[in-house]
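Engineer: Sharing a model that was predicted from the sequence below.
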Amino acid sequence: MVHRRAVSRVTLCLVLFILPCPLLAQRGGAELHATLQDWAEFSWLQILDRNGGTGGRFSDLGILRRFDQDIDAEYQLDLLASRFTRAEDYRWYGIDNGFRWRAGSITKRDLATYSEFKTTVAVGAHWRMRVRFNREENPQADRSFLRVAFTRRWESGVFGVIAGSLDPLKPGSDIGIGVGWRDAEVPRREVKLDVTVLDWVSDLIHLRLGAADQSQIDSTIEYRTQPIAFRVGGSTPLGKSFRVEGYAAVMRPSAVLWYRERNENDGLRQDERFGFVGGLIEGVVTRDFSAGIFATHIRARTERSALPQGSSVLEYNLIEKTTELGLFALARVANPWDVELWLSRNWRPETRTHRDPAETDVDYLDRAWTGQLLLIRAPASGFTADVSLLMDRRTVVRGDGQVPSAGSLGQHNRRARIDLGWRFGDQMMFLIGFGMDLDPGEPAGGFGGARGRFTVSW
């Protein structure tokens with residue numbers, strides 16, 4: 001009975017939402033497409049800015065930091081509910097200048113917040129400077145990361161890039177070079193390859209400048225094998241009916257020492273590997289309808305061992321992996337109404353083997369069906385809103401309770417969401433809203449948290 005009452009309230013919200021549908025603004029003319037670029041950028045930041053992850057550079061939570069004591073069974077649904085739509089992501093990665101922000105409740109007190117700023121300016125006749133800033137605050141990260149890139153373009157479409165990041169913790173700064181090609185006549189037809197030296201000034205600061213000689217610094221970081229990452233990505237239409245995207249990155253095996261002050265025997269050695277790959281195939285049936293499939297995989301490996309006097313170091317071999325397979329569809333059903341549907345199957349295994357037999361090893365796997373059905377009122381300008389039904393049906397296959405979490409992660413969660421806002425042409429939009437949990441056992445119309453998002457471009 002409780003569940004039926006919740007569904008009835010959602011149905012009422014849908015009716016009240018659709019009734020005012022007389023055309024308040026002209027139809028937005030943008031084509032409907034999805035993209036994996038947001039996933040690829042987020043995955044790249046996991047290795048590019050390890051200092052900004054929870055626990056810092058040498059966190060016991062690993063490189064991906066998927067599990068934490070503050071993460072509960074509804075966390076994945078909370079993140080999904082606050083996301084930009086697939087079409088909004090696609091438009092964002094097609095502009096040079098903008099700022100966007102999104103946030104959603106993850107506890108009664110806390111928000112998970114994400115913001116991105118980017119701008120591109122001409123520097124002379126052939127060069128352009130691009131600035132990007134990412135701010136992220138949630139149980140997985142507390143990140144403030146600035147990147148600057150200089151690009152030289154030629155008439156053939158070929159371009160070269162010199163890029164660097166400026167980490168608030170200076171040894172975590174990176175530098176890289178890249179080359180690519182972009183078709184001047186066909187939108188989104190491009191390919192790019194870059195090479196990045198991670199933490200490139202770390203040894204200079206810690207070893208040559210003797211950072212540990214300062215009273216504020218009590219440790220030294222020394223790379224035995226410098227981390228170097230290679231990344232490739234691109235997208236292209238295939239005729240008039242298909243388009244494809246692909247992204248991949250790999251960090252060569254690296255080794256780093258952390259030791260107390262200048263005592264090279266008191267501390268730990270950490271060997272690291274990292275990589276990801278993802279692809280999307282989209283069929284463009286008409287300007288107002290597209291559908292496709294996607295697949296992503298990310299993997300990180302950390303091997304930690306103690307130096308001769310590092311008796312308190314926890315030694316382990318940690319492997320983290322996340323794999324996702326899914327499908328999606330985007331349609332403009334009536335002026336100015338759009339529908340987005342996507343469904344995915346994902347797996348999250350984690351193994352942690354300790355050298356000390358007294359420590360408990362971890363052999364964990366959860367898998368889930370995750371999806372969203374979203375009805376969007378998306379005029380070119382004026383009143384905008386969306387209503388959605390979301391689900392995260394997650395089962396812990398093995399190792400329940402072996403990874404850090406706020407309770408068991410193996411639960412089936414469903415939620416309805418409604419957001420209301422306004423669009424100011426192509427320059428700005430904002431929405432705020434709330435959700436209602438639809439899980440059995442929840443109070444009728446159980447509050448599912450508040451959220452908001454906005455984008456401004458120029």
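Structural biologist: Received it, and whenever you're ready, just let me know what you need.
Engineer: Skipping its backbone neighbours, what lies nearest Ala34 in space?
Structural biologist: Arg86 (4.0 Å; C-beta to C-beta, 6 or more residues apart in numbering). C-beta coordinates here come from the backbone N, C-alpha and C atoms, glycine included.
Engineer: what number of residues lie near that neighbour?
Structural biologist: 22 (other C-beta atoms under 10 Å).
Engineer: what's the helix or strand hosting Phe447 packed up against?
Structural biologist: Using DSSP states H and E, Phe447 sits within strand 446-457. With contacts taken as 3 or more C-beta pairs under 8 Å, 6 or more residues apart in numbering; DSSP states H and E, strand 446-457 sits against helix 75-81, strand 98-105, strand 412-424, strand 428-437.
Engineer: Kindly recompute the last result at 6 Å.
Structural biologist: strand 98-105, strand 428-437 (3 or more C-beta pairs under 6 Å, 6 or more residues apart in numbering; DSSP states H and E).
Engineer: mind giving me JSON lines with these and columns for mean pLDDT and mean neighbour count?
Structural biologist: Shown next, in JSON lines, are the helices and strands packed on strand 446-457 (pLDDT from 0 to 100; neighbours: other C-beta atoms under 10 Å):
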{"stretch": "strand 98-105", "mean pLDDT": "97", "mean neighbour count": "19"}
{"stretch": "strand 428-437", "mean pLDDT": "96", "mean neighbour count": "19"}
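Engineer: Show the low-confidence segments of the chain, by residue range.
Structural biologist: Counting by pLDDT under 70, the chain has low-confidence residues at 1-29, 441-445.
Engineer: For it, which segments count as helices?
Structural biologist: For the chain, helices defined by DSSP state H occupy the ranges 2-18, 37-48, 75-81, 86-92, 202-203.
Engineer: I would like the residues contacting stretch 261-275, please.
Structural biologist: 47, 63, 212, 250-251, 253-260, 299-310, 313 (C-beta atoms under 6 Å, 6 or more residues apart in numbering).
Engineer: now do stretch 188-204
Structural biologist: Stretch 188-204 is touched from outside by 171-176, 178-183, 221, 223, 227-236, with contacts defined as C-beta under 6 Å, 6+ apart.
Engineer: For ChimeraX, write the selection for the buried entries among the residues you listed.
Structural biologist: Buried members of these, defined by 16 or more other C-beta atoms under 10 Å, are picked up in ChimeraX with:
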select :171,172,173,174,176,178,180,182,221,223,227,229,231,232,233,234,235
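Engineer: correct me, but Ala248 touches Val277?
Structural biologist: Yes: contact criterion C-beta atoms under 6 Å: Ala248 and Val277 qualify, at 4.3 Å.
Engineer: Report how many residues lie close to Ala416.
Structural biologist: Applying other C-beta under 10 Å, we find 23 residues neighbouring Ala416.
Engineer: Tell me the spacing between it and Arg83.
Structural biologist: According to C-beta to C-beta, to the nearest Å, Ala416 stands 16 Å off from Arg83.
Engineer: Near the residue lying closest to Gly98 once chain neighbours are set aside, how many other residues are there?
Structural biologist: In space, and not counting its chain neighbours, Gly98 is closest to Ser457: 3.7 Å by C-beta to C-beta, 6+ apart. Ser457: 18 surrounding residues under other C-beta under 10 Å.
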